[in-house]
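S.K.: Next come a sequence and a model predicted from it.
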Amino acid sequence: MAARIIARCVRSLNHRSVYFNRVNTAATLTAAPLTHGRTFSHLTNGHKSPLAQISGSSFQVFQWRAYGDLPPLTLETIHDRVLYVLKLYDKINPEKLQATSHFMKDLGLDSLDQVEIIMAMEDEFGFEIPDAEAEKLMTPQEIAQYIADKKDVYE
Amino acid sequence: MAAAYLTHQQKVLRLYKKSLRHIESWCIFRDKYRFYACLLRARFDENKHEKDMVKATMMLKAGEEEFWANQHPQPYLFPDSPGGTSYERYECYKVPEWCLDHWHPSEKAMYPDYFAKREQWKKLRAQSWDREVQQLQAETPADGPKSEVLPPARREGDLPPLWWQFVTRPRERPM
């Protein structure tokens, strides 16, 4: 974060040059955990010398662009969200819901209910589950596994 | 599904899902959508115990025609679904894995662990290839395969056929 403020000061001082000294990449990496790893992918070639050499010769470009994207998914968050959505469904008893409870056999739901559940999962995670694969997903565990498979979570 | 034809239940469920999605496109307010979704569900529920297949098929046909008449001209599509905004957007960045073999040794030296592991995987693939081909030849009918579904591994210690394609598939969103 300090590097960003310092870079802004330098930018205001010197309007012509666009290049800034990249300082303490370790500090910036720890200070900005939400920035996506992509922005630092080209900056991993060793550390540059500290701020004292700001008027020195070798500068490198860095950009503080945050691309619009969702927070990264993990297996636990997928599992929690799937169970949360299922508990909101009024035909399911929240106490009886387990990760491995089958919709038709254990929870006594219909195939139309299963379609509604899959649609709720699509709305929750923001991507479409094709019909051919949706009709096979019968437990919350399978749904979480399918979503993790599609979204490359801990491949 | 194993066969190429959809069962009656599958057709009904697909009609239900797409009509719900189109109702969602028409009724932009969530409570209004919920109301009409419940009405649709009631209509499907009252006919679901029909045992006469002829009548059921005629009802399905009528339902499909009603859907066609009432569909939304621009239904909401998820970005990744076909017809959505980012469908196949990242396909051009999905490089096949054999390109990794063409890297220069100095580039490969940057990731020694990965490439060492990759050599082991390739040896495994070479060993299991003959068994996979054998299994596929045994299980495919004489006319040719009926569907795209691959059979699982039948014997113990065997790998599923054509596993390499699946294991080394590119990510959904390439970095």
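M.R.: Arrived safely.

S.K.: Specify the local secondary structure of the closest residue in space to residue A:131 that isn't next to it in sequence.
M.R.: Computed as CB to CB, 6 or more residues apart in numbering or on different chains, the closest residue to residue A:131 that is not its neighbour in sequence is residue B:14, at 5.3 Å. Quick note: C-beta positions are derived from backbone N, CA and C, even for glycine. Residue B:14 falls in the helix class when you classify it by DSSP: H, G, I helix; E, B strand; the rest coil.

S.K.: Number of residues surrounding residue B:14?
M.R.: Applying other CB atoms under 10 Å in any protein chain shown, we find 17 residues neighbouring residue B:14.

S.K.: got the phi/psi numbers for residue B:62?
M.R.: Per-residue torsions, residue B:62: phi -60, psi -40 (degrees, to the nearest 10).

S.K.: For it, the count of nearby residues, please.
M.R.: For residue B:62, using other CB under 10 Å, the count is 10.

S.K.: Residue A:119 now?
M.R.: For residue A:119, using other CB under 10 Å, the count is 19.

S.K.: can I assume it is in contact with residue B:17?
M.R.: Yes - under the criterion of CB atoms under 8 Å, residue A:119 makes contact with residue B:17 at 6.4 Å.

S.K.: can you tell me the residue of chain A closest to chain B?
M.R.: residue A:128 (3.7 Å; CB to the nearest CB).

S.K.: how much space between that residue and residue A:152?
M.R.: Going from residue A:128 to residue A:152 by CB to CB, to the nearest Å gives 17 Å.

S.K.: Regarding the residue lying farthest from the centre of chain B, what is its secondary structure?
M.R.: Relative to the centre of chain B, the most outlying C-alpha is that of residue B:106, 39.0 Å out, by CA atoms, centre = their mean. At residue B:106 the chain is in helix, as set by three-state DSSP.

S.K.: still on that earlier bit, neighbour count for residue A:128 and residue A:152, which is higher?
M.R.: Taking neighbours as other CB under 10 Å, residue A:128 and residue A:152 compare with residue A:128 leading, 21 against 14.

S.K.: gap between that one and residue B:82?
M.R.: 8 Å.

S.K.: remind me, longest helix of chain B?
M.R.: helix B:112-139 (DSSP state H).

S.K.: What helices and strands are in contact with that helix?
M.R.: helix B:163-167 (3 or more CB pairs under 8 Å, 6 or more residues apart in numbering or on different chains; DSSP states H and E).

S.K.: export the helix or strand of chain B with the lowest mean pLDDT as CSV, just CAs?
M.R.: Lowest mean confidence among the helices and strands of chain B (mean pLDDT, DSSP states H and E): helix B:163-167, at a mean of 87. What follows is helix B:163-167, C-alpha atoms only, in CSV (Å, rounded to 0.1, in the frame of the first residue of the first chain):
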residue,chain,number,x,y,z
TRP,B,163,-8.2,-40.7,-19.2
TRP,B,164,-5.4,-38.6,-20.5
GLN,B,165,-7.7,-36.3,-22.4
PHE,B,166,-9.8,-35.8,-19.3
VAL,B,167,-6.9,-35.3,-16.8
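
S.K.: which stretches of chain A have low pLDDT?
M.R.: Residue ranges of chain A with pLDDT under 70: A:1-66, A:155.

S.K.: coming back round to it: next, find the distance separating the residue of chain A closest to chain B from residue B:137.
M.R.: Distance from residue A:128 to residue B:137, by CB to CB: 36 Å.

S.K.: and if you look at residue B:120?
M.R.: 27 Å.

S.K.: which SS state does the residue lying closest to residue A:152 once chain neighbours are set aside fall under?
M.R.: Nearest residue to residue A:152, sequence neighbours excluded (CB to CB, 6+ apart): residue B:171, at 4.7 Å. Following three-state DSSP, the label given to residue B:171 is coil.

S.K.: who touches the helix or strand harbouring residue A:146?
M.R.: Using DSSP states H and E, residue A:146 sits in helix A:140-151. Contact with helix A:140-151 is made by A:73, A:75, A:78-79, A:82-83, A:86, A:97-101, A:118, A:121, A:125, A:127, A:129, A:133, A:136-137, A:153-154, B:172, as judged by CB atoms under 8 Å, 6 or more residues apart in numbering or on different chains.

S.K.: Then stretch A:92-109?
M.R.: Everything outside stretch A:92-109 that qualifies as a contact, by CB under 8 Å, 6+ apart, is A:79, A:83, A:86-87, A:91, A:110-111, A:113-114, A:117, A:138-141, A:144.

S.K.: likewise stretch B:45-53?
M.R.: A:110, A:112, B:8, B:56, B:59.

S.K.: Distance from the chain centre to it, please.
M.R.: 29 Å (CA atoms, centre = their mean, to the nearest Å).
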